[in-house]
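Output the structure for:
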Amino acid sequence: MIRINNVKIPLDYDRETLLKAAAKELRVEPKAIRSVSLFRRSVDARKKEQMHFICTLDAEVAANENALLKKAKNAVRAAPYHYELPKWRGGAQPVVVGFGPAGMFAADVDRFWLTGKLDTTSNVQFGEGGAGTFSDGKLNTGTKDSRQRKVLDEFVAHGAPEEILYNAKPHIGTDKLKLTVRQIREEIISRGGKVLFETKLTGFEQKDDRVCAAIVEHNGKTERIETDSLLLAVGHSARDTFEMLCNKGLPMEAKPFSVGARIEHLREEIDRAQYGKCAGHPALGAASYKMNVHTKNGRGAYTFCMCPGGKVVNASSEEGRLCTNGM
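The predicted structure is shown next:
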């Protein structure tokens, strides 16, 4: 497989367009291209009168790849990420605390938005999908890691739209993510896993400096689950868990954090500012933007994330507190 970078593609493209573009970059006849697919796609809106996509294409060719790579300046050999499944050593099953970037109890959340009655243990921040569900299922990150594609592949395999594999700023969307996460949960169960909803970790037991059990609370009752592996994926709002860990003497370190403000724009205004006369083109969707600045005192100001074409929702997790988010 050959990966071709920085390919200009018109907004109104089809498979034939991609095939011809790949053939041109590799300097071969189109018939030599067995298959071509998008690996990455971003909008180049610098010249409003000449809007186009900048794409990375994966091409399978009926020719000598080494010879083609010597001629094509923007092409490299694609090396897919390979994941070795760890072998389970037997014994007690591991316990994973947290089911997000995938988590939501829809009934609890809907009741909160309709009536204002908050369940502090099951809300926008907790549950099947976690806070990410109600942040439009955004999947973009500033880090570079070969494992990212594996995560996107798994989402697509469980019902997410295929476009998240190649969009520069992929997001699933809250409405679709709920269904995707449910399918992930069902596969975990089919493979022998067990998912416990409305169950809170309240402590753990140790023996010979190793975890030997998790202590959980469910329906007002305390239960003990034997395990020698306790993975904490509790997100940013599980304050009771942090307090429990601190009381047990586990070393903890506060991360630096940013203070932010929410800014709301009309979608139409951002679309016009970014896309000019191409605003509203079906291939573009809602426009996004990103800005940052580094000041002389060493601090920085930046836009953290945005939810193009979305809406603002109440994302509170504590009584008497107001927190909003976009989805």
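
contacts and neighbour counts: CA atoms only from here.
Noted.

In three-state terms, how would residue 38 be classified?
Recorded secondary structure, residue 38: strand (DSSP: H, G, I helix; E, B strand; the rest coil).

Name the residues linked to it by a beta bridge.
residue 57 (DSSP bridges).

tally of neighbours for it?
Residues lying near residue 38 (other C-alpha atoms under 10 Å) number 18.

Just list the residues touching it, thanks.
55-58, 166 (C-alpha atoms under 8 Å, 6 or more residues apart in numbering).

Compute the distance between it and residue 244, please.
47 Å (C-alpha to C-alpha, to the nearest Å).

Stretch 233-251: end-to-end distance?
17 Å.

which residue ranges form the helices in the protein?
Using DSSP state H, the helices of the chain run over residues 15-26, 65-71, 106-115, 130-133, 148-157, 174-190, 239-247, 267-275.

Show me the two of the contacts of residue 38 that sit farthest apart.
Taking every pair in these and measuring C-alpha to C-alpha, the maximum separation is 10.7 Å, between 58 and 166.

Only the buried residues of stretch 218-229, if you could.
225-229 (16 or more other C-alpha atoms under 10 Å).

Endpoints of it, how far apart?
For stretch 218-229, the first-to-last residue distance is 20 Å (C-alpha to C-alpha).

if you average pLDDT over it, what comes out?
Throughout stretch 218-229, pLDDT has a mean value of 90.

For residue 51, grab the count of nearby residues.
By other C-alpha under 10 Å, the residues close to residue 51 number 19.

surely it meets residue 42?
No: look at residue 51 against residue 42 with C-alpha atoms under 8 Å: they stay out of range, at 11.0 Å.

in the sheet, who's paired with the residue lying closest to residue 226 once chain neighbours are set aside?
Distances taken as C-alpha to C-alpha, 6 or more residues apart in numbering put residue 213 closest to residue 226, at 4.2 Å, once the chain neighbours are dropped. Beta bridges link residue 213 to residue 205, residue 226, judged by DSSP bridges.

So residue 213 sits against residue 202, correct?
No: contact criterion C-alpha under 8 Å: residue 213 and residue 202 do not qualify, at 11.4 Å.

Looking at those two, which has the bigger crowd around it?
Neighbours of residue 213 and residue 202, each counted by other C-alpha under 10 Å, are more numerous for residue 213; the result is 21 against 15.

Run through the residues that contact that one.
With contact set as C-alpha under 8 Å, 6+ apart, residue 213 has these partners: 204-206, 224-228.

ok, back up a step: what do residue 58 and residue 166 both touch?
Common neighbours of residue 58 and residue 166, counting by C-alpha under 8 Å, 6+ apart, are 38-39.

gap between residue 297 and residue 303?
19 Å.

More neighbours: these two, which one.
The neighbour comparison of residue 297 against residue 303 (other C-alpha under 10 Å) goes to residue 303, with 14 against 6.

In contact with that one: list those residues for me.
Shown in contact with residue 303 (C-alpha under 8 Å, 6+ apart): 290-292.

Distance to residue 161 and neighbour count added to those, as TSV?
Listed next are those as TSV, based on distance: C-alpha to C-alpha, whole Å; neighbours: other C-alpha atoms under 10 Å:
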residue	distance to residue 161	neighbour count
290	24	9
291	27	9
292	30	10
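
which of those lies closest to residue 78?
Checking those against residue 78 with C-alpha to C-alpha, the nearest one is residue 290 at 28.9 Å.

And the closest residue to that closest one other than its chain neighbours, how far from residue 295?
Leaving aside its chain neighbours, residue 290 sits nearest to residue 303 (5.8 Å; criterion: C-alpha to C-alpha, 6+ apart). Distance of residue 303 to residue 295, computed by C-alpha to C-alpha: 15 Å.

and if you look at residue 246?
Taken as C-alpha to C-alpha, the span from residue 246 to residue 295 is 36 Å.

higher neighbour count, the two?
Neighbours per residue, other C-alpha under 10 Å: of residue 246 and residue 295, the larger number sits with residue 246, 12 against 9.

distance of the more buried one from residue 217?
Between residue 246 and residue 217 the distance is 19 Å, computed by C-alpha to C-alpha.

Next: residue 323.
27 Å.

The two: which is more packed in?
Shown here are residue 323 and residue 217; by other C-alpha under 10 Å, residue 217 has more neighbours (15 against 10).

Tell me the bridge partners for that one.
In this entry, residue 217 is beta-bridged to residue 200, residue 222, by DSSP bridges.

Next up, the contacts around it.
Neighbour list for residue 217: 199-202, 223 [criterion: C-alpha under 8 Å, 6+ apart].

Name all residues that make contact with residue 120.
Going by C-alpha under 8 Å, 6+ apart, residue 120 touches 317-319.

Using ChimeraX, define a selection of the buried residues within those residues.
This is how ChimeraX selects the buried members of the contacts of residue 120, with burial counted by 16+ other C-alpha under 10 Å:
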select :317
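
Confidence-wise, which of the contacts of residue 120 comes last?
Within the contacts of residue 120, lowest confidence goes to residue 317 (78).
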